[in-house]
Every structure is written in structure tokens, then in C-alpha cells.
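Q: when you get a sec, could you give me coordinates for this:
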Amino acid sequence: MTVFYTVAFLLVGVIGANIIRRFVTQIPEVFILIATGAFLSIFPIFQNFEIEPEYFMLLFIAPLMFYDGQKQSFEKVRSKFWGIFIMSVVLACVTVLIVGFTANTFEVKWTLPLAIALAAIVTPTDAMAVKTMTSNRSVPTGVNDALELESLFNDATGLVLLDLALSVLYKGNFSIVGGIGHFLFVSIGGIIVGLIGGIILVMVRYNINIHGDNPELITIPISLLTPFFIYLLAEYFGVSGILAVVATGIEHNWESDRLKLTSTNVQLTTKTIWSVITDILNDMVFLILGLALPSIWKNFEKIGFREILSMLLVSLIIYLVMIAIRYFGTYRNDGIKKTFWRNVSREEDKKYSKIFAIGGIHGTVTLAMAFSLPKTIGGQAFPYREELITITTFVIIISMIFSAIIFPIILKSKSEDYDIEDLNDTRNKMVDYAILQMRSTIEDHDTREKLTYQLETQKRNRTTLNRKDFNDNFYLLFNETKSLTDSFIHSDEINKKYSPQTIDIYDHIMYRSLIENKRIPLRDRIQHMSKEIIWHTKNRVITRRQREVFRNRRIENDQEYAQKVSEWTKTREELLSLNNEVIEEVDNYLDSVMQARLEQNKTENTHIFMVRKVMDRFFNNVKHEYQANKQPIDNSYYMEAFQHEYSFIQECFNNGEINQEISSTLFTEINQAQLLQLQTTY
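A: The predicted structure is shown next:
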């Protein structure tokens with residue numbers, strides 16, 4: 001149960017953080033998540049919480065790296081291989097050496113291998129943190145690619161170098177040849193395991209998708225288990241599990257490219273599931289960082305205030321050194337520049353290098369590596385373990401704060417390719433157009449209204465509706481519709497077709513329902529119901545069959561009653577016939593109002609829909625139909641409506657009324673609605 005409650009609390013934290021983010025847009029999401037994690041740490045289940053590095057790497061980092069790998073094509077990695085190698089291996093190794101010597105200079109009591117271990121821990125970058133920091137900022141494409149690809153591979157470099165440093169601390173000596181050999185074995189071995197395991201799994205999934213029945217029942221679970229299997233397999237052989245899952249992820253990108261239009265349901269479902277899972281895992285990663293803060297604070301208390309200030313200064317120096325290495329390592333390196341930002345001016349070159357340098361944000365992988373330091377080594381306590389964790393924490397926090405301050409200064413706000421109001425307006429017009437087209441072809445009123453209601457739900461701007469304008473438009477149209485109905489039922493044409501009694505009854509019902517709009521007092525309703533119950537009980541007329549027998553017997557024995565029933569039946573039929581004519585008149589009028597507003601480019605027509613609902617309730621009162629008809633709408637009506645929406649968007653795009661981005665967004669929404677309708681129906 002402990003595992004269940006832990007996962008449940010983390011999910012609650014994710015939900016809470018995302019709710020808070022909607023109202024606190026000025027603070028980067030990562031800080032909200034960390035603060036939420038720190039708040040959760042007060043609950044007993046998270047007391048003395050520490051990151052378990054092995055489980056953290058397996059359960060969080062492996063699937064996230066696998067998903068990120070899937071977003072990178074093999075061709076892209078191949079074409080940018082030299083730049084990736086320089087950033088993730090050469091630049092990472094240089095950073096470890098320089099930062100290691102820097103840390104050893106300021107912390108003279110440390111041995112060089114210990115300083116190198118710290119440098120290996122703080123070198124890996126966190127692309128997830130970069131994304132959250134720049135979610136509303138426009139990052140140049142080349143720099144964004146560089147940051148993503150660097151983060152995919154430099155985690156493995158940091159882990160291997162940390163392993164080497166710990167080996168030196170344990171053995172007391174270091175062999176350059178042995179170190180390079182170990183590095184090559186772990187990194188290349190991880191890639192080979194990932195490629196071989198990935199090829200086998202991809203071929204299995206590919207053949208199941210092509211030849212199997214209901215392939216999603218097999219291929220989707222295989223996809224979800226793949227990163228865990230590959231990571232454990234690589235770790236079993238003593239090679240890099242991170243590089244293995246990245247390599248497998250890239251191969252799965254190849255699988256999607258091969259399938260193209262084949263097994264579209266499997267691909268859409270798989271992408272949706274992975275997208276949701278990775279979003280949740282990303283948020284949980286930073287929640288876990290927040291959960292770890294209390295245990296880090298305990299380290300602060302052990303070390304003492306003066307030592308903490310000293311380590312904070314060392315952390316700041318280490319971070320600035322890494323910033324300088326990243327800046328000059330890209331600005332002075334033609335390999336990286338030619339690979340990621342080609343043909344840019346000197347000023348742009350400087351700017352891109354600055355963004356890349358500041359984008360080297362550190363996150364939970366770095367903290368997990370710090371917590372992975374053994375508590376004992378060679379039979380003795382690991383030297384300065386708390387200090388290393390403390391400095392690592394400071395470096396993470398400094399990198400996040402620094403980027404949160406600098407990015408808004410050097411990066412422009414992300415501008416959408418369209419204004420959200422334009423998108424909403426176009427969507428509203430699209431839905432109204434489809435509604436009008438379908439209403440003109442469907443004869444049955446109930447079907448028209450139900451389909452109208454369903455299509456109306458595609459509109460998404462109800463929360464931004466101007467209530468005053470809506471109320472003014474609603475009451476104006478409602479009063480006009482009542483006047484139209486009143487004039488129609490008292491017209492010469494209606495007077496010739498129906499008896500005065502029928503018209504008076506209909507007029508009375510309309511007055512009570514639409515004009516007077518008064519409900520029968522509760523006391524009167526209870527009194528009437530009591531009389532009904534007493535009468536039915538006394539005469540033993542309870543079931544429908546008993547009522548029919550009683551009525552037929554009374555008609556046979558009471559001629560006066562039979563005459564009244566005959567007259568009422570005739571009046572009832574006339575009343576329903578009149579109601580149908582009023583329905584047609586009102587529907588035509590409201591359709592004409594919507595058509596006129598659509599032609600005038602007025603996109604907010606929610607008030608028309610609400611008037612329809614009020615009038616439809618009145619029509620059902622006349623028919624004594626108080627419950628909605630449960631008969632489903634024919635699926636062909638939905639398909640036809642979606643086709644009208646397609647046509648409307650295509651025509652608007654061809655006429656230059658909307659741009660490519662709006663049309664693509666709405667086409668995607670229609671596709672998703674159509675797919676959902678098909679899946680629901682069949």
C-alpha cells in the first residue's frame with residue numbers, strides 16, 4: 001500500500017501544480033512543481049525521503065529518454081553526429097576536467113578524484129528543465145536542437161566519468177588506457193545493446209502491426225515496456241542503459257516512418273499514451289526534486305552556516321565556469337556552429353552561444369547521481385558526501401534561477417502563428433455553417449436539435465463569453481421569437497385551419513410557459529398529487545393496464561364521458577399539428593437569424609442556441625414529452641457534418657481568410673472528433 005499511496009500523492013501533486021500554474025503564469029512551471037513537492041514532503045509517507053538512484057533512473061529517466069529518442073530521426077542524428085559528439089563527449093569531458101581542477105583549487109582538502117566526481121555529477125544537462133523554462137519563449141531552432149540532442153547523450157558521459165572517478169577513489173590509482181577503454185566499452189556497448197534489442201522489438205511490432213488482428217493489444221504494451229527492458233538488459237551487461245534506451249527510441253522513430261499510413265489507430269493511440277505518460281513523469285521528476293529538499297536541508301544543518309556560505313560560493317564559481325566553457329566551446333568551435341546554426345551573422349553567433357550556455361540547466365538526473373554516491377568506500381565512510389550533495393543542489397538551483405532571470409531578457413516571447421481569438425472565431429463560424437447545412441437537410445425536429453446540440457459542443461470559448469452581451473442578445477432574440485410565435489398562431493392562415501378552442505389552449509400554454517413563466521406553487525402541486533394518489537388507490541387504478549381498462553369501461557358506460565374523450569382527442573390532435581407548424585416556423589426563423597449573422601461575420605451566436613433550447617423545452621411541454629428521446633443519432637449525420645466543416649475551412653483557406661496554422665489546427669480537431677465518433681459508434 002505504501003507504493004500505491006506514494007504514486008497517488010505524486011499524481012495529486014501533479015494535478016495541484018498544474019492547477020496552480022493556470023493562475024500563477026509569471027513563475028516558471030519548474031519552480032511551482034518543486035514548491036509543490038516540498039509541500040508534499042510534510043506528509044508522513046514522504047518523511048526522510050531520498051532519491052533512490054537505481055529506481056529513479058529505471059522508472060523515470062529511462063522512459064523519458066526513450067520518448068525523447070523517438071522524436072529524433074536516425075537521419076537527423078546521423079547528419080548531426082559530429083556536433084553531438086563534440087557537445088556530449090568532448091565538451092562534457094573538458095568541462096569535467098576544468099570544473100574538477102577548479103573545485104580542487106577552492107576545496108583544497110578534497111582529493112582530485114573527489115573533485116572530478118563532483119564535476120561529473122554537475123556536468124549533465126536537463127532538457128526537460130530547459131523546456132519548462134522556455135515554454136513561453138522562442139528559442140532558435142538550431143539552439144533548441146543542440147540542447148535536446150546534447151541532453152540525450154551527455155547523461156551517459158557524466159555517469160561513465162563518475163564511475164571512473166569512484167573507481168580511482170576505491171583503487172587509489174588511474175590508468176588512462178584503462179579509463180578510455182572503460183569509457184568506450186560502456187558507451188559503445190550501450191548503443192549496441194540498444195540497437196540490437198531495438199531492432200528485434202521493432203521488427204516484432206512491425207510484423208504484428210502489418211499482419212495481426214487487433215495489433216494495439218500487443219504492440220502498445222510492448223512499447224510501454226520497451227525502455228525498462230532495454231535499460232535493464234544494458235545494465236546487466238555493464239553498459240550504459242541511458243544510451244541504450246536512446247538508441248532504441250531512435251529506432252522506434254524509424255518504425256513510425258515505415259508504417260506511415262498503416263495501423264494509424266495503433267500509432268495515434270501509442271503517441272497519445274506516451275505523450276500523457278511523459279508529461280506526468282516530467283512533472284513528477286521535479287516534484288521528487290522538491291521532496292528531496294528537506295533531506296538536503298538536514299545536510300545543511302549538519303554542515304553549519306559558515307560552511308554552507310563557503311559551498312554556495314564554490315557552487316556559484318563552478319556554475320560560472322561551466323557557463324564560460326559552454327559559451328566559448330560553441331562560439332569558438334566550428335564543428336558545433338556548422339552543425340546546428342549555419343550561415344548566421346557574427347552577432348547571431350554570439351547570441352546563439354549565449355543561449356546554449358545558459359540553456360545548460362541541471363536537474364534531477366544530476367541530483368540522482370549525487371545521491372548515488374556510496375555511503376562507504378573501501379570500508380570507510382565516503383569522504384565529504386554531504387558536501388558534494390549540497391554543492392550539487394546549489395548548482396541545480398543556481399542554474400534554474402539564472403536561466404529564469406536571463407531567458408526573458410534575451411529571448412522573445414513565443415508568438416503564436418495565429419491569434420487565439422481568430423482561431424475561436426473561425427471555429428465558431430465553422431460549427432455554425434455545419435449546423436445550418438445539416439438543419440436544412442434533416443426533417444425530424446428532434447434529430448435536428450440533438451445534432452445541433454452535439455455540434456455546438458465543439459465551440460470552446462464559453463469561458464470567455466461576454467455575459468452582458470450574451471444576455472442582451474438572448475433576451476432580444478427571445479422576445480422577438482415569442483412575438484413571432486404569438487403572431488403566427490393568431491394569423492388568418494392558422495385561424496382557418498384550427499378551431500378557436502385549440503388556438504386558445506395553445507395560447508394559454510405559451511403564456512404560462514414563455515410569457516408568465518410561473519411555476520405552480522409547491523403547496524398546490526403537493527395537494528394535487530395527494531388527491532391523485534388517493535383517487536387512484538381508492539379505485540385501484542395503478543398500472544397502465546388498469547388505467548386503460550378503467551377508461552374503456554367508463555367510455556362504454558358513460559356516453560357523456562365518451563363524447564368528452566372524443567372531443568379532447570380531436571383537440572389534442574389539432575394541438576399537436578399546430579405545435580408542429582409552430583416548430584417549423586420558429587426553426588426557420590432562428591436558422592435565418594444565424595445565417596444572417598454568419599454572412600455579417602458575427603461569430604458569437606451562443607444566444608441563438610440557448611433560445612433554441614428554451615423554445616424546444618416549450619414544444620416538449622405541449623407534446624407532454626418531458627424526457628429527451630434516447631434514440632441515437634445516425635452516424636452518417638455526424639460524418640456529413642464533419643465534411644461540411646472540412647469544406648468550410650478549405651474554402652476559407654483558399655480565399656485567404658485564414659492562414660495555414662489555423663486551418664491545420666481545425667483540420668486536426670475535426671479529424672479527432674471524427675475518429676472519436678467512429679470509435680464510439682462501432
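
Q: show me what contacts Val616?
A: Heads up, residue 616 is Asp, not Val. Neighbour list for Asp616: Glu449 [criterion: Cβ atoms under 8 Å, 6 or more residues apart in numbering]. Bear in mind the C-beta positions are built from the backbone N, C-alpha and C, glycine included.

Q: what strand or helix carries it?
A: Assignment of secondary structure by DSSP states H and E places Asp616 within helix 606-623.

Q: now the element after that helix, going C-ward?
A: Following helix 606-623 in sequence, per DSSP H and E, is helix 635-654.

Q: show me what that following helix is packed against.
A: helix 420-439, helix 445-456, helix 660-681 (3 or more Cβ pairs under 8 Å, 6 or more residues apart in numbering; DSSP states H and E).

Q: span of stretch 45-57 from start to end?
A: 21 Å (Cα to Cα, to the nearest Å).

Q: any idea how far the spatially most central residue of the chain is from Thr481?
A: Closest to where the C-alpha atoms of the chain average out (Cα atoms, centre = their mean) is Val276, at 6.5 Å. Using Cβ to Cβ, to the nearest Å, Val276 is found at 45 Å from Thr481.

Q: now do Ile317
A: 75 Å.

Q: more neighbours, those two?
A: A count of neighbours by other Cβ atoms under 10 Å puts Thr481 above the other of Ile317 and Thr481, at 21 against 15.

Q: please identify the buried residues of the helix or strand harbouring that one?
A: Assigned by DSSP H and E, Thr481 falls within helix 467-489. For helix 467-489, a neighbour-count test (16 or more other Cβ atoms under 10 Å) marks 473-474, 477-478, 481-482, 484-485, 488-489 as buried.

Q: equivalent analysis for stretch 605-618, please.
A: 605-612, 615-616, 618.

Q: ok, and the closest non-adjacent residue to Ile51?
A: Phe371 (4.6 Å; Cβ to Cβ, 6 or more residues apart in numbering).

Q: tell me the contacts of the one you found?
A: 50-53, 292, 389.

Q: quick one: it from Ile389, how far?
A: For Phe371, the distance to Ile389 - Cβ to Cβ - is 7 Å.

Q: how about Asn144?
A: 31 Å.

Q: then Asn495?
A: Asn495 sits 91 Å away from Ile389 when distances are taken as Cβ to Cβ.

Q: comparing these two, which residue is more hemmed in?
A: Neighbours per residue (other Cβ under 10 Å) separate Asn495 from Ile389, with Ile389 holding more: 21 against 12.

Q: pLDDT wise, what is the more buried one at?
A: Looking at Ile389, its pLDDT is 86.

Q: not including adjacent chain positions, what is the nearest residue to it?
A: Ala370 (4.7 Å).

Q: related to what we said a few turns ago, out of the buried residues of helix 467-489, the closest to Met594 would be?
A: Within these, proximity to Met594 (Cβ to Cβ) peaks at Leu477, which comes in at 10.2 Å.

Q: the closest one touches Val611, doesn't it?
A: Yes - proximity of Leu477 to Val611 meets the contact threshold set by Cβ atoms under 8 Å, at 5.1 Å.

Q: tell me, what's touching the two both at once?
A: Joint contacts of Leu477 and Val611 (Cβ under 8 Å, 6+ apart) are Leu590.

Q: average pLDDT for the host helix or strand of Glu301?
A: Using DSSP H and E, Glu301 sits within helix 264-303. Across helix 264-303, pLDDT averages out at 80.

Q: which elements pack onto it?
A: helix 2-23, helix 29-40, helix 62-70, helix 127-133, helix 216-236, helix 364-371, helix 385-410.

Q: so which bits of it are buried?
A: Residues of helix 264-303 classed as buried: 266-267, 269-270, 274, 278, 281-296, 299, 303 (neighbour count, 16+ other Cβ under 10 Å).

Q: now what about stretch 476-488, what contacts it?
A: Residues from elsewhere that reach stretch 476-488, judged by Cβ under 8 Å, 6+ apart: 494, 507, 510, 514-515, 581-582, 585-586, 589-590, 593, 607-608, 611, 614-615.

Q: no, scratch that, I was asking about stretch 128-143
A: Contact partners of stretch 128-143, identified using Cβ under 8 Å, 6+ apart, comprise 28-30, 33, 64, 147, 151, 282, 285-286, 340-342, 352, 355-356, 359, 361-363, 399-400, 403-404, 407-408, 411-415.

Q: buried set for it?
A: So stretch 128-143, judged by 16+ other Cβ under 10 Å, has buried residues 128-134, 139-140, 142-143.

Q: ok, those residues vs Ile420, which is closest?
A: Checking the buried residues of stretch 128-143 one by one against Ile420 (Cβ to Cβ), the nearest turns out to be Thr134, at 20.0 Å.

Q: what pLDDT does the closest one get?
A: 74.

Q: list phi and psi for it.
A: In terms of degrees, to the nearest 10, the main-chain angles of Thr134 are phi -110, psi 20.

Q: residues near Val622, how many?
A: 19.

Q: got it, and Phe23?
A: Counted with other Cβ under 10 Å, Phe23 comes out at 6.

Q: and it, how far is that from Ile658?
A: On the measure of Cβ to Cβ, Phe23 and Ile658 end up 31 Å apart.

Q: repeat for Ser135
A: Taking Cβ to Cβ, one finds Ser135 at 26 Å from Ile658.

Q: so where is the stretch 451-600 of the chain shaky, pLDDT-wise?
A: 460-465, 515-525, 528, 535, 551, 554-555, 561, 565 (pLDDT under 70).

Q: repeat that with 90
A: For the stretch 451-600 of the chain, the stretches with pLDDT under 90 are 451, 453-475, 486, 489-490, 492-578, 598-600.

Q: helices along that one, start to end?
A: Taking DSSP state H, counting those that start in this stretch to define them, one finds helices in the stretch 451-600 of the chain at 467-489, 492-497, 500-510, 522-539, 544-557, 559-599.

Q: would CSV of those helices with distance to Asn635 be doable?
A: What follows is these, written out as CSV (distance: least, Cβ to Cβ, whole Å):
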stretch, distance to Asn635
helix 467-489, 32
helix 492-497, 38
helix 500-510, 36
helix 522-539, 41
helix 544-557, 34
helix 559-599, 23
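
Q: out of these, nearest to Ile222?
A: For the helices of the stretch 451-600 of the chain, the distance to Ile222 is smallest for helix 559-599, at 49.1 Å, taking Cβ to Cβ.

Q: any idea of the angle the closest one forms with helix 500-510?
A: 60 degrees (axes from the mean of the first three to the mean of the last three Cα atoms, to 10 degrees).

Q: give me the distance between helix 559-599 and the centre of its chain.
A: How far helix 559-599 lies from its chain's middle: 47 Å, per Cα atoms, centre = their mean, to the nearest Å.

Q: same deal with stretch 167-187?
A: Per Cα atoms, centre = their mean, the centroid offset for stretch 167-187 relative to its chain is 44 Å.
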